[in-house]
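Trainee: With the input below, show me the fold.
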Amino acid sequence: MLTYIIRRSVTAILLALAVASIVFIALYLVPGDPATVLLSTGGVEPPASAVEALRIELGLDRPVWLQYFAFLSDLVHADLGQSFSNGSSVLSTIMIRLPRTLELIAAATTISLLIGVPAGLCAALNPGSRIDRGFSFAASAGMAFPVFVVGTAMIFILAQTLRLVPAGGFVPFHENPGQHLLLLLMPALAISIGFSATVFRMSRATVSSVLHQDWVRTARAKGLHERRVVVWHILRNALGPIATVVGLEMGSLLGGSVLVEFVFNWPGLSGYLVTAIENRDYPSIRGTVLVVATLFIFINLAVDLLYMILDPRVRNQ
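Mentor: Numbering: from 1, shown residues only. Below is the predicted model:
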């Protein structure tokens, strides 16, 4: 088991380093000059002398290999550089915005698990029934609607028409916990509709496959209570694939929640990344993409370790 953990951890670290290198090279190959973009106002071409001076100030005049090693050196010291746009620390800005995005993802994941897993279990235990058909139809509808359409519809119906909740915005939790959770509710629900559908489909498929395994028939033949059979012999063995899908979905939401954050005016990490791309703010883009990719890698590492706990066969590999 220890060998498995060490192997997976080393692989995750090497992947993070590879991602950092790919991000640096990709941004270097993007056409356009950040110094020119920063100095351009109203479509007026800036003087060449000013552009060159800014390139020297930002370190863009150095050879690319020197910039790359400086970038790696800064990473070792947990320094993601300074923003080209306003000179602020990229790491400090990310640390302010990242918890908001993680909170949104955690809330959406919790809602999705509370809906998707029980619904998938009920549908698998009653194949072909009205419950199965109803849940399957709802899941198909949930996956068919884009998240920005769902978010816009929720704002129109719940906020503007019924006036049950605010249309969007952000209030820190320490200032007003109730208002903070109320503003978190709608974007989390908007994400969880499609997320719940994915969890439902995986739960239904996995539970359906486990139902016909030998150990389930043996447990029932021993006279165990049906609830114990469902919880300990069916659901427990189905949690591995479900956890894998949930981990992948959580990772994709780290960079894919931009539409939800935009619609509900939630000041998370995705909005910061979009602004950085518009301004050709290379340190901010590199830092944000690197943090998102690293979190994605380590979320999947955590899922692998959880899978090892849920499935004893993995420990012996």
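
Trainee: So which residues make contact with stretch 157-177?
Mentor: 100, 155, 179-183, 185-187, 263-267 (CB atoms under 8 Å, 6 or more residues apart in numbering). C-beta coordinates here come from the backbone N, C-alpha and C atoms, glycine included.

Trainee: same question but for stretch 230-239, I mixed them up
Mentor: 117, 121, 125, 203, 206-207, 209-211, 213, 215-216, 219, 224, 310-311.

Trainee: Strands of the chain, start to end?
Mentor: Assigned by DSSP state E, the chain shows no strands.

Trainee: Can you list phi and psi of R280 for me?
Mentor: Backbone torsions of R280, given as degrees, to the nearest 10, read phi 50, psi 40.

Trainee: Let's see the ChimeraX selection covering just the buried ones among the contacts of stretch 230-239.
Mentor: To isolate the buried members of these in ChimeraX, using 16 or more other CB atoms under 10 Å:
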select :117,121,125,203,206,207,210,211,216,219,310
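
Trainee: Tell me the one of the contacts of stretch 230-239 nearest S140?
Mentor: S203 (15.0 Å; CB to CB).

Trainee: Report the contact partners of the closest residue to the closest one other than its chain neighbours.
Mentor: Among residues not flanking S203 along the chain, G120 sits closest, at 2.5 Å (CB to CB, 6 or more residues apart in numbering). Going by CB under 8 Å, 6+ apart, G120 touches 135, 199-207.

Trainee: Repeat that for V274.
Mentor: Counted by CB under 8 Å, 6+ apart, V274 has contacts 258, 262.

Trainee: next one: W215
Mentor: Counting by CB under 8 Å, 6+ apart, W215 has contacts 233, 237.

Trainee: Kindly report the same for L183.
Mentor: Contacts of L183 by CB under 8 Å, 6+ apart are 166, 168-171, 264, 266.

Trainee: The residue lying closest to S9 once chain neighbours are set aside: neighbour count?
Mentor: Once flanking residues are discounted, S9 sits nearest to L301: 6.7 Å by CB to CB, 6+ apart. Neighbour count of L301, defined by other CB atoms under 10 Å: 18.

Trainee: And for A48?
Mentor: 9.

Trainee: oh, and call the first residue 3 from now on, that's how I've got it
Mentor: Sounds good: first residue 3 from here, last item A50.

Trainee: CA atoms only: put stretch 177-188 into CSV for me.
Mentor: Taking Å, rounded to 0.1, in the frame of the first residue of the first chain, the C-alpha atoms of stretch 177-188 are listed here in CSV:
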residue,chain,number,x,y,z
GLU,A,177,-19.7,39.9,7.4
ASN,A,178,-23.1,38.2,6.8
PRO,A,179,-23.2,34.4,7.0
GLY,A,180,-26.9,34.1,6.0
GLN,A,181,-26.5,36.4,3.0
HIS,A,182,-23.3,34.7,1.9
LEU,A,183,-25.0,31.3,1.9
LEU,A,184,-28.0,32.7,0.1
LEU,A,185,-25.8,34.1,-2.7
LEU,A,186,-24.0,30.8,-2.9
LEU,A,187,-27.1,28.8,-3.3
MET,A,188,-28.1,29.7,-6.8
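
Trainee: Figure out how far that stretch is from the centre of its chain.
Mentor: Distance, stretch centre to chain centre, for stretch 177-188: 21 Å (CA atoms, centre = their mean, to the nearest Å).

Trainee: now that stretch: mean pLDDT?
Mentor: Average pLDDT, stretch 177-188: 90.

Trainee: Likewise for stretch 21-32?
Mentor: 79.

Trainee: buried set for it?
Mentor: 21-22, 25-26.

Trainee: ok so, going back, out of the contacts of G122, give me the two with the largest separation.
Mentor: Across those (CB to CB), the longest gap, 14.8 Å, separates F137 and T208.

Trainee: what about stretch 82-98, average pLDDT?
Mentor: Mean predicted lDDT for stretch 82-98 stands at 85.

Trainee: which residues sit in contact with E228?
Mentor: R222.

Trainee: ok so, going back, among the contacts of G122, which one has the most neighbours?
Mentor: Going by other CB under 10 Å, F202 tops the contacts of G122 with 28 neighbours.

Trainee: Give me the contacts around stretch 256-273.
Mentor: Counting by CB under 8 Å, 6+ apart, 96, 99-100, 102-103, 106-107, 148-150, 153-154, 157, 169-172, 185, 188-189, 192-193, 275-276, 290-291, 293-294, 297-298 sit against stretch 256-273.

Trainee: Test my guess that the residue nearest to S11 contacts V12.
Mentor: No. The pair L303 / V12 is not scored as a contact, 10.4 Å apart, by CB atoms under 8 Å.

Trainee: Could you give me the ChimeraX selection string for whichever of the contacts of L185 are buried?
Mentor: Of the contacts of L185, the buried ones can be selected in ChimeraX as follows, counting by 16+ other CB under 10 Å:
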select :168,170,172,173,266,268
